[in-house]
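Chemist: Need the 3D shape of this:
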Amino acid sequence: MIKRSIGVLGSTGSIGINTLDVIRHLNNQFSVKYLSAHSNSQILIQQVKEFKPDAIAIVNPEAAKLVRKDLEGSAIDVLVGREGLLELSSWDNIDICLNAIVGGAGMEPTIKALEAGVDVALSNKESLVMAGSLIKEVMEKNGTKIFPVDSEHSAIWQCLMGEEGSSIKRIILTGSGGPFRTKPNIDMIEASIEQALAHPNWNMGRKISIDSATMMNKGFEVIEAHWLFDISHEQIEIVVHPQSIIHSMVEFIDGSVKAQLGLPDMKVPIQIALTFPNRLEASWEEFNPEKLTDLTFEEPNFSKFPCIPLAYDSLKMGGSATAALNIANDNSVRLFLDGKIGFTEIAEINEAVLRGHKWTPKPNLSDLIELEEWGKDFVEKLIEEKVIL
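Modeler: The predicted structure follows:
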């Protein structure tokens with residue numbers, strides 16, 4: 001395999017750290033050209049010293065001062081702020097960009113990389129949730145590709161290899177159900193931040209852990225699957241699978257079903273996204289079916305997890321609706337993690353923004369940036385006027 005060059009956006013988060021573990025394991029198959037972080041200067045500095053990229057971007061200016069001081073005298077270019085991140089995302093001298101940025105902030109870097117002619121290994125599902133139509137246009141114009149990193153979409157992608165799209169009957173997205181799967185609705189009103197962060201199967205960052213607890217992540221995965229696999233929302237179903245062993249399934253028109261199985265380890269979908277079309281040997285824990293005692297499945301409880309039907313509604317509405325929902329969720333989760341709203345108010349805010357935004361049939365990048373600013377102001381006003389609380 002020829003050595004490939006890679007840039008990693010969001011390298012200090014859980015997906016970014018796992019990605020560098022994979023690169024480390026692959027023994028010089030990849031050359032790391034750039035890394036980015038929001039504010040975790042300590043981890044970023046450690047990564048820089050090991051992987052020796054040409055450049056890094058760090059969004060937080062205060063954290064950037066620490067990084068520059070530590071790397072003083074080195075040849076590494078340190079870019080700062082949102083502008084620095086977007087400049088780095090536009091580099092065209094790499095083979096693949098892995099985007100592990102959290103939330104809507106990852107959308108524009110995905111677009112910049114694709115516009116530069118670079119394929120993207122995409123962990124940032126919000127890119128397609130916010131700008132699916134726009135991203136598809138950019139990919140078609142530039143001949144670029146997206147390789148899914150989410151375990152569910154990687155599973156679907158692998159199940160569809162060699163298959164015709166016309167043969168798909170439905171996609172079945174599996175989800176663990178998160179920490180509140182067995183909790184009665186009343187308990188969720190009083191749910192603490194610590195309880196919501198306590199995912200039973202996956203070790204993830206704070207934002208995605210809350211999205212899993214509300215099951216908003218599963219709703220976003222429906223939207224992402226729609227754009228990745230050119231399939232209608234009527235053909236995408238969600239099933240709760242608490243063990244997180246079957247990562248997703250595809251049913252075909254002849255009645256056969258393909259499923260992709262594996263232990264809940266993000267290094268597996270990361271590696272196939274980076275090495276496709278090749279499969280390389282890995283040293284992760286082996287899958288042993290004899291250790292499996294149960295594989296169970298349940299219907300999702302839409303009344304307990306109202307964020308799921310909101311995602312379907314936004315996809316039916318089309319246009320700017322999915323972006324509005326994503327923007328709402330970024331803000332509501334931030335407020336919950338800051339202790340300013342309760343857990344069940346996340347869904348209330350998300351619905352208020354979805355229903356209250358000015359719908360646009362085909363938003364461009366400027367429209368989406370404007371919608372982000374409006375959404376943040378709208379949510380803050382809801383809290384100030386105690387419309388939600």
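Chemist: isn't Phe375 right next to Lys358, touching?
Modeler: Quick fix: residue 375 reads Gly, not Phe. No: between Gly375 and Lys358 there is no contact under C-beta atoms under 8 Å: 10.8 Å. Placement of C-beta: from N, CA and C, glycine included.
Chemist: neighbour-wise, which of the two wins?
Modeler: With neighbours defined as other C-beta atoms under 10 Å, Gly375 and Lys358 compare such that Gly375 has more, 24 against 10.
Chemist: name the element that one belongs to?
Modeler: helix 365-384 (DSSP states H and E).
Chemist: Check Gln47 too.
Modeler: helix 41-51.
Chemist: so where do the strands sit in the stretch 101-250 of the chain?
Modeler: 119-122, 146-148, 168-175, 236-240, 246-252 (DSSP state E, counting those that start in this stretch).
Chemist: Can you mark which positions in the longest one are buried?
Modeler: For strand 168-175, the buried set under the neighbour-count rule, 16 or more other C-beta atoms under 10 Å, comprises Ile168, Arg170, Ile171, Ile172, Leu173, Thr174, Gly175.
Chemist: As TSV, those with pLDDT and distance to Trp284 would be great.
Modeler: Formatted as TSV, the buried residues of strand 168-175 follow (pLDDT from 0 to 100; distance: C-beta to C-beta, whole Å):
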residue	pLDDT	distance to Trp284
Ile168	98	29
Arg170	98	30
Ile171	98	26
Ile172	98	25
Leu173	98	23
Thr174	97	20
Gly175	94	22
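Chemist: which residues touch the closest residue to Ile15 other than its chain neighbours?
Modeler: Distance criterion C-beta to C-beta, 6 or more residues apart in numbering; nearest residue to Ile15, sequence neighbours excluded, is Ala100 at 3.7 Å. With contact taken as C-beta atoms under 8 Å, 6 or more residues apart in numbering, Ala100 is in contact with Val8, Leu9, Gly10, Ser11, Gly13, Ile15, Gly16, Thr19, Gly106, Ser123, Asn124, Val149.
Chemist: can you list contacts of the lowest-mean-pLDDT helix or strand in the chain?
Modeler: Lowest by mean pLDDT, DSSP states H and E among the helices and strands of the chain is helix 185-189, with a mean of 85. With contact meaning C-beta under 8 Å, 6+ apart, helix 185-189 is reached by Phe180, Ser303, Lys304, Gly342, Phe343, Thr344.
Chemist: any chance you could map the helices in the stretch 151-300 of the chain?
Modeler: Counting by DSSP state H, counting those that start in this stretch, the stretch 151-300 of the chain has helices at residues 151-160, 185-189, 193-197, 206-214, 216-229, 267-275.
Chemist: tell me the angle the fourth one makes with strand 168-175.
Modeler: Here helix 206-214 runs at an angle of 110 degrees relative to strand 168-175 (axes from the mean of the first three to the mean of the last three C-alpha atoms, to 10 degrees).
Chemist: Would you mind pulling up the elements that helix 206-214 packs against?
Modeler: Contacts defined by 3 or more C-beta pairs under 8 Å, 6 or more residues apart in numbering; DSSP states H and E place helix 206-214 against helix 193-197, helix 216-229, helix 321-337, helix 345-356.
Chemist: Need the CA coordinates for the first one. PDB is fine.
Modeler: Output in PDB follows, covering the C-alpha atoms of helix 193-197 (Å, rounded to 0.1, in the frame of the first residue of the first chain):
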ATOM      1  CA  ILE A 193     -25.800  15.700  33.400                       C
ATOM      2  CA  GLU A 194     -23.800  12.800  34.900                       C
ATOM      3  CA  GLN A 195     -26.600  10.300  34.300                       C
ATOM      4  CA  ALA A 196     -27.000  11.500  30.700                       C
ATOM      5  CA  LEU A 197     -23.300  11.200  30.000                       C
END
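Chemist: and it, what does it pack onto?
Modeler: helix 206-214, helix 321-337.
Chemist: so for the longest one, what's the average pLDDT?
Modeler: Summarised as a single mean, pLDDT over helix 321-337 is 97.
Chemist: That one vs helix 206-214, what angle?
Modeler: Using the same axes, to 10 degrees, helix 321-337 lies at 100 degrees relative to helix 206-214.
Chemist: Just the buried residues of helix 321-337, please?
Modeler: 321-337.
Chemist: Return that helix as PDB; C-alpha atoms alone will do.
Modeler: These are the backbone C-alpha positions of helix 321-337, laid out as PDB (Å, rounded to 0.1, in the frame of the first residue of the first chain):
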ATOM      1  CA  ALA A 321     -35.500  22.200   8.200                       C
ATOM      2  CA  THR A 322     -32.800  19.600   9.000                       C
ATOM      3  CA  ALA A 323     -30.300  22.400   9.400                       C
ATOM      4  CA  ALA A 324     -32.600  24.300  11.800                       C
ATOM      5  CA  LEU A 325     -33.000  21.100  13.900                       C
ATOM      6  CA  ASN A 326     -29.300  20.600  14.100                       C
ATOM      7  CA  ILE A 327     -28.600  24.200  15.100                       C
ATOM      8  CA  ALA A 328     -31.300  24.000  17.700                       C
ATOM      9  CA  ASN A 329     -29.700  20.800  19.100                       C
ATOM     10  CA  ASP A 330     -26.200  22.200  19.200                       C
ATOM     11  CA  ASN A 331     -27.500  25.100  21.400                       C
ATOM     12  CA  SER A 332     -29.900  23.100  23.600                       C
ATOM     13  CA  VAL A 333     -27.200  20.500  24.400                       C
ATOM     14  CA  ARG A 334     -24.800  23.300  25.200                       C
ATOM     15  CA  LEU A 335     -27.300  24.800  27.600                       C
ATOM     16  CA  PHE A 336     -28.000  21.500  29.200                       C
ATOM     17  CA  LEU A 337     -24.300  20.800  29.800                       C
END
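Chemist: list the contacts for Val48?
Modeler: Leu35, Ile56, Val67, Leu71, Ile76.
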